[in-house]
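A.B. asks: Here is my input, please return the structure:
(3 chains)
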Amino acid sequence: MRMQKRKAQLETIYNLLFAAFGPQHWWEADSAFEMEVGAILTQNTTWAAVEKSIANLKGNLSPDSLLALPQEKLEEAIRPSGYFHQKAKYLKALAAFCKENGTNKADYEAYSTEELRRLWLAQKGVGKETADSILLYAMDRPVFIVDAYTRRVMSRMFGEEAYLSMDYDAVANVFTEVLPKDTAYYGEYHGLLVRLCKDICLKKNPNCENCPLTDLCKAVDKTAKKD
DNA sequence: CGCCAGGGCCATA
DNA sequence: TATGGCCATGGC
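C.D. replies: Presented below is the predicted three-dimensional model:
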């Protein structure tokens, strides 16, 4: 069956990446709120820049502290991660939202994953990737994060440029339809895909020649031919 | 100097 | 629903 084949392919990719890179300890933060703040700050920005902003915010990483912080001070703190006017507003909104509804996963146990995703998506500055990052890493929900790296690797692995422009949820479904809904597995998978791109597949061109991913792609192809 | 990074909002058609 | 302009700093 086609689903079985895809499942085998995706598991092969995971296994090879894990064997090559090991656990990625992706997104370790001191608190859920810090993680949520980071999810906003990292939009279209490098993580190194986000770390500077987070460091500047240390001591104010709670909803109350952030709300009490003057807008100018907040903007100055997050300046390194770009779009600081927008993101400062988003962070204020985030702080207000968390003050009202809670910060930790325990505060949201009454919601189904679908309900919780809609709730976060309704917040200003929270799109699908940001929402899923929060759901997966802060709320412990089994959603699959689709970012530029995910699309790039999928395009490279399966030779379909469609992954670069495909609807977000459609890409996520490629994974979640066949893989067990396992939060830790999804989190590790995402971390491995990013690691792969950062370490090796730095070129945006999904058809790059002499790509070190060639061996990995062959292994996936071999798995595909088994049935 | 130009490109781009762990996106999302909003206006427009 | 699908593009396009816009946001902004920092690393290379």
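
A.B. asks: surely A:Ser81 meets A:Ala49?
C.D. replies: Yes. Counting by C-beta atoms under 8 Å, A:Ala49 is a contact partner of A:Ser81 at 4.4 Å. Any C-beta I mention is one placed from the backbone N, CA and C, and that applies to glycine too.

A.B. asks: And those two? Which one has more around it.
C.D. replies: A:Ser81 (25 against 16; other C-beta atoms under 10 Å).

A.B. asks: OK, contacts around the more buried one?
C.D. replies: Residues near A:Ser81 by C-beta atoms under 8 Å, 6 or more residues apart in numbering: A:Leu41, A:Thr42, A:Thr45, A:Ala49, A:Val50, A:Lys52, A:Ser53, A:Lys87.

A.B. asks: Buried ones in the strand or helix carrying the fourth one, by neighbour count?
C.D. replies: So that's A:Ala49. For A:Ala49, the host element (DSSP states H and E) is helix A:47-57. Counting neighbours by 16 or more other C-beta atoms under 10 Å, one finds that the buried residues in helix A:47-57 are A:Ala49, A:Val50, A:Lys52, A:Ser53, A:Ile54, A:Asn56, A:Leu57.

A.B. asks: tally of neighbours for the closest residue to DNA strand B within chain A?
C.D. replies: Residue of chain A nearest DNA strand B, by C-beta to the nearest atom of the strand: A:Gly127 (2.4 Å). For A:Gly127, the count of nearby residues is 12 (other C-beta under 10 Å).

A.B. asks: what's the nearest residue to it if we skip its chain neighbours?
C.D. replies: Of all residues not flanking A:Gly127 in the chain, A:Leu121 sits nearest, at 7.3 Å (C-beta to C-beta, 6 or more residues apart in numbering).

A.B. asks: ok, the one you found to A:Arg79 distance?
C.D. replies: Applying C-beta to C-beta, to the nearest Å, the value for A:Leu121 to A:Arg79 is 27 Å.

A.B. asks: likewise A:Ser165?
C.D. replies: 32 Å.

A.B. asks: returning to that earlier point: so which pair among the contacts of A:Ser81 is furthest apart in space?
C.D. replies: Spatially, the most separated pair among the contacts of A:Ser81 is A:Lys52 and A:Lys87, at 13.3 Å (C-beta to C-beta).

A.B. asks: ok, which residues in chain A are in contact with DNA strand B?
C.D. replies: Counting by C-beta under 7 Å from any atom of the strand, chain A comes close to DNA strand B at A:26-27, A:38-39, A:42-47, A:49, A:82-83, A:86, A:123-131, A:133, A:147-149, A:194, A:198, A:204.

A.B. asks: Among these, name the ones in strands.
C.D. replies: Under the assignment DSSP state E, the residues of chain A next to DNA strand B contribute nothing to strands.
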